[in-house]
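Colleague: Would you be able to build a 3D model of this:
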Amino acid sequence: QEQWLQVVAASNDDYLFNWRIQVTFSVFAFAGLCALQWLLAGFVRQKYQQRMLLNLVLDTVDAYVYFKSSDRRFHYVNAKTAALFGLPAEQIAGRLDSELMPKDFADAYWAMDQKVFASGKKQSGEEVLRISEDETRYYASIKVPVHLPGQPPALIGFSTDVTELHEQTVAREAAEKALAAHNHYLWLNNQVLEKLGQNASLSEVLNTMLRIIDDYRPGMLGTVFLLADNGKALVGCAAPNLPQAWLSATAWISIEDMSGSAATAVHRRETVIVEDIASHPYWAAPDFAAIRDTALGFGLRAAWSQPIKSSEGKILGVFNLYQREPAAPDADDLVLLADYAKLAQMVIERARLAEALRESQALYRLIAENSNDVIWVMQYPDLTYSYMSPSIARLYGWTPEEFSGQPPDELMSVEELRRWSDTVEEHVRRVGEGDLTACFIELELEVRNKEGHRVQVETVANIMLDSASRPTHIVGSSRDITRRKAAEDS
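Modeller: Prediction:
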């Protein structure tokens, strides 16, 4: 029994020892678990705080931030992006892009996304979102690929609204383009006027004009057709940068509707735009096929034609711009096309006026140099001759050059000189008072010829006035009436 009690006592001691160990371990384990739980809670709190801080940063940054997977679903958007779509961020997560914006815009945005997924590299560029019919926004976007373990390919996008900058850029570019066009047109006008001042021919002036236009608009080729004298056809006049074969093919084009751009524009008296010569019905007429094939053979694809009209509205010809690629003009192109036609109108009218003036001068010179009467021009108020016809030799015996060098008292007596000057001043006075009939002067004078003999002359003259009705010169003729006066006296 004593031995049993010893065993029991020993077992009790072991039990108490083991119990103490178990309690101690339990305490330490509990303490460890509490410490681990505290650490885990701190870690969670830290991660939560970090995420909240990240969300705060992303929600306050002035950019659209989003996380999107390759299946076109949004998994995260910041507050600015959510506001753009008009939904809370949690209602956007998991939705397709086409559910949040019109499909065509979603597809346009997806184009850049695809480049990211295809290349695995960062992509950047400008994207456009049409908010409404009246509002379009422009965004500068950067999209970066993201690869997470066990997750489909994704990207993080950063987009900044650059609409105001875009509008400023567009406005600046438009202003620069307008300034360049204005400077070009001024330079063009100056060169044309300089050529006209040099009395260059019509074709030379138009070719100069077209070369400057072609240089300013690379890829464009200008031509000018004039209306034929019969009014039923167009005649090729200028095409400096097209081959001679083109000039030969278009030397004569009948004015008919749907017979090319130029003839149609003249026939309809309106601007005609052909974006593609190869397929447009205006160039498809069977009797126009040869010219169409010639145009295509020279690489001409687009044709814009503007009728050239006179100040009275009459057709003078047509101005054409060709391009080597199918193309439609924008608003600026149409303005320039009309301006070029206006300038061509001025060139044609000035050239024709100059030609008519030259013909008129030649005709009057022919008349003056072959007339028995002496034709003369006298400047006012100094009453000196600026022109004298060759027939002066028959009346006075002097050549025009010799006559111009004679003092007045060698040509007529003092009394006759006074009578002539008094008559002129009286007529000028009446004109100044509004009596325009006084411009006409008719007077008989007695003059002396080279040999000193007296000659009776009948002088008829007109006082020429400027725009302010002030006399500038006198144009007249003098006829020898000596024999007639002798006959009358007898």
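Colleague: Low-confidence bits of the stretch 251-400 of the chain, can you list those?
Modeller: Along the stretch 251-400 of the chain, segments meeting pLDDT under 70 span 368.
Colleague: so where do the strands sit in it?
Modeller: 252-254, 272-274, 302-309, 315-323, 374-379, 384-388 (DSSP state E, counting those that start in this stretch).
Colleague: what sits up against the third one?
Modeller: Contacts of strand 302-309 from elsewhere in the structure, counted by Cβ atoms under 8 Å, 6 or more residues apart in numbering, are 224, 260-262, 264-266, 269-277, 283, 295, 315-323, 325-329, 333, 337-338, 340-341, 344-345, 348. The way it works is simple: take the backbone N, C-alpha and C, and place the C-beta from them, glycine included.
Colleague: let's see it at 7 Å
Modeller: With Cβ atoms under 7 Å, 6 or more residues apart in numbering as the test, strand 302-309 has contacts from 261-262, 265-266, 269-277, 315-323, 325-327, 329, 337-338, 341, 344-345, 348.
Colleague: How about stretch 150-159?
Modeller: With Cβ under 7 Å, 6+ apart as the criterion, stretch 150-159 contacts 63-71, 113, 116-117, 127, 139-148.
Colleague: circling back: give me the buried subset of the contacts of strand 302-309.
Modeller: Buried members of the contacts of strand 302-309, scored by 16 or more other Cβ atoms under 10 Å, are 261-262, 265-266, 271-275, 277, 315-323, 327, 329, 337, 341, 344-345, 348.
Colleague: Let me know the helix or strand that Leu445 is in.
Modeller: strand 440-448 (DSSP states H and E).
Colleague: what comes up buried for that strand?
Modeller: Ile441, Leu443, Leu445, Val447, Arg448.
Colleague: thinking the fourth one is in contact with Thr459, fair?
Modeller: Think Val447. No: taking contacts as Cβ atoms under 7 Å, Val447 lies outside contact range of Thr459: 9.4 Å.
Colleague: For Ser259, give me its contacts.
Modeller: Ala285, Phe288.
Colleague: Please export the C-alpha coordinates of the helix or strand that the strand holding Leu445 is followed by as PDB.
Modeller: The element immediately downstream of strand 440-448 (helix or strand, assigned by DSSP H and E) is strand 454-465. The C-alpha coordinates for strand 454-465 follow below in PDB (Å, rounded to 0.1, in the frame of the first residue of the first chain):
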ATOM      1  CA  ARG A 454       0.400 133.300-143.100                       C
ATOM      2  CA  VAL A 455      -1.900 130.200-143.100                       C
ATOM      3  CA  GLN A 456      -5.600 130.300-142.100                       C
ATOM      4  CA  VAL A 457      -6.500 127.300-140.000                       C
ATOM      5  CA  GLU A 458      -9.800 126.000-138.600                       C
ATOM      6  CA  THR A 459      -9.200 124.500-135.100                       C
ATOM      7  CA  VAL A 460     -11.700 122.200-133.400                       C
ATOM      8  CA  ALA A 461     -10.800 121.000-129.900                       C
ATOM      9  CA  ASN A 462     -12.200 119.300-126.800                       C
ATOM     10  CA  ILE A 463     -11.200 120.100-123.200                       C
ATOM     11  CA  MET A 464     -10.600 116.800-121.400                       C
ATOM     12  CA  LEU A 465     -11.500 116.600-117.700                       C
END
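Colleague: quick one on the thing from earlier: so which of the strands of the stretch 251-400 of the chain comes closest to Ala83?
Modeller: strand 272-274 (44.4 Å; Cβ to Cβ).
Colleague: can you give me the offset of that closest one from its chain's centre?
Modeller: Remark: strand 272-274 is offset 17 Å from the chain centroid, using Cα atoms, centre = their mean, to the nearest Å.
Colleague: What helices and strands are in contact with that strand?
Modeller: helix 260-268, strand 302-309 (3 or more Cβ pairs under 7 Å, 6 or more residues apart in numbering; DSSP states H and E).
Colleague: which SSE is Ile131 in?
Modeller: strand 123-132.
Colleague: hmm, I was thinking of Arg429
Modeller: With DSSP H and E as criterion, Arg429 is part of helix 414-432.
Colleague: quick one, that helix and strand 440-448 angle?
Modeller: 170 degrees (axes from the mean of the first three to the mean of the last three Cα atoms, to 10 degrees).
Colleague: Please point out which parts of helix 414-432 sit buried.
Modeller: Buried, per 16+ other Cβ under 10 Å, within helix 414-432: Glu416, Leu417, Arg419, Trp420, Thr423, Val424, His427, Val428, Val431.
Colleague: Nearest spatial neighbour of the fourth one, chain-adjacent residues omitted?
Modeller: Closest residue to Trp420 in three dimensions, ignoring its sequence neighbours and counting by Cβ to Cβ, 6 or more residues apart in numbering: Leu445, at 6.2 Å.
Colleague: From Met412, how far out is that neighbour?
Modeller: 6 Å (Cβ to Cβ, to the nearest Å).
Colleague: same thing with Ile253?
Modeller: From Ile253 to Met412 the distance is 64 Å (Cβ to Cβ).
Colleague: And for Val457?
Modeller: From Val457 to Met412 the distance is 9 Å (Cβ to Cβ).
Colleague: strand partners of the helix or strand Ile156 falls within, parallel vs antiparallel please.
Modeller: Per DSSP H and E, Ile156 falls inside strand 154-161. Applying DSSP bridges, strand 154-161 is found paired with strand 64-69 (antiparallel), strand 135-146 (antiparallel).
Colleague: just those: most buried one?
Modeller: Most buried of the strands paired with strand 154-161, by mean neighbour count (mean count of other Cβ atoms under 10 Å): strand 64-69, with a mean of 20.
Colleague: right, and the helix or strand after that one?
Modeller: strand 74-77.
Colleague: which other residues reach that next one?
Modeller: Tyr66, Phe67, Lys68, Ser69, Ala89, Ile92, Ala93, Gly94, Arg95, Asp97.
Colleague: Quick check: the two most widely separated of those?
Modeller: So, the contacts of strand 74-77 by Cβ to Cβ: farthest apart are Ser69 and Ala89, at 16.1 Å.
Colleague: need the contact list for Trp283.
Modeller: Gly260, Val274, Ile277, Arg292.
Colleague: Nearest residue to the last one in space, please, no chain neighbours.
Modeller: In this case it means Arg292. For Arg292, the closest residue by Cβ to Cβ, 6+ apart turns out to be Trp283, at 4.4 Å.
Colleague: and Leu247, that one's in a strand?
Modeller: No: counting by DSSP: H, G, I helix; E, B strand; the rest coil, Leu247 is not part of a strand but helix.
Colleague: Surely it is in contact with Gly236?
Modeller: Yes: look at Leu247 against Gly236 with Cβ under 7 Å: they come within range, at 5.2 Å.
Colleague: number of nearby residues for Val460?
Modeller: 14 (other Cβ atoms under 10 Å).
Colleague: now swap in the one 10 residues further on and tell me
Modeller: One way to gauge burial is a neighbour count; for Arg470, by other Cβ under 10 Å, it gives 11.
Colleague: Report the beta-bridge partner residues of Ile273.
Modeller: Trp304.
Colleague: going forward, begin numbering at 3 instead of 1
Modeller: Sure thing, new numbering starts at 3, so read that last one as Ile275.
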